[in-house]
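In: What follows is a protein structure lacking sequence information:
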């Protein structure tokens with residue numbers, strides 16, 4: 001039996017798939033969802049198509065680099081994903097950010113409405 005294309009393409013990303021699923025479970029109307037990635041981070045965080053598919057996301061996802069997050073800070077409430085290396089940048093932008101879920105180096109975080 002042949003594996004589906006998505007299974008082959010993302011076979012090496014089971015930990016990030018679990019984060020996408022958790023993001024999907026936490027999504028709510030009126031809450032922004034962001035994926036934050038360093039500009040020169042390499043392939044450490046997959047972008048929206050992976051999360052839309054594996055997280056079964058029903059709302060838009062914004063892709064931001066760590067630099068863009070400073071200038072284009074989505075207003076809370078926000079759910080976001082980044083790798084632990086980039087989480088200090090998230091903490092600079094959202095001082096009361098809460099970690100919701102971690103798996104390996106991936107972090108799912110939330111910032112409630114102020």
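Out: Thanks, I have it. Computed from a predicted structure; not experimentally measured. Residues are numbered from 1 along each chain as shown.

In: Of all residues in this protein, which one is nearest the centre?
Out: Geometric centre of the chain, nearest residue: residue 81, 2.4 Å, by CA atoms, centre = their mean.

In: roughly how far apart are it and residue 110?
Out: Residue 81 is 11 Å from residue 110, where distance means CB to CB, to the nearest Å. Where C-beta positions appear, they are placed from N, C-alpha and C, glycine not excepted.

In: Hmm, residue 93 and residue 109 touching each other?
Out: No. Counting by CB atoms under 8 Å, residue 109 stays clear of residue 93, with 10.9 Å between them.

In: sorry, back to before: the residue nearest to the centre of the chain is in what secondary structure piece?
Out: Take DSSP states H and E as the rule and residue 81 turns out to sit in strand 78-83.

In: That strand - what's its average pLDDT?
Out: Strand 78-83 comes out with an average pLDDT of 94.
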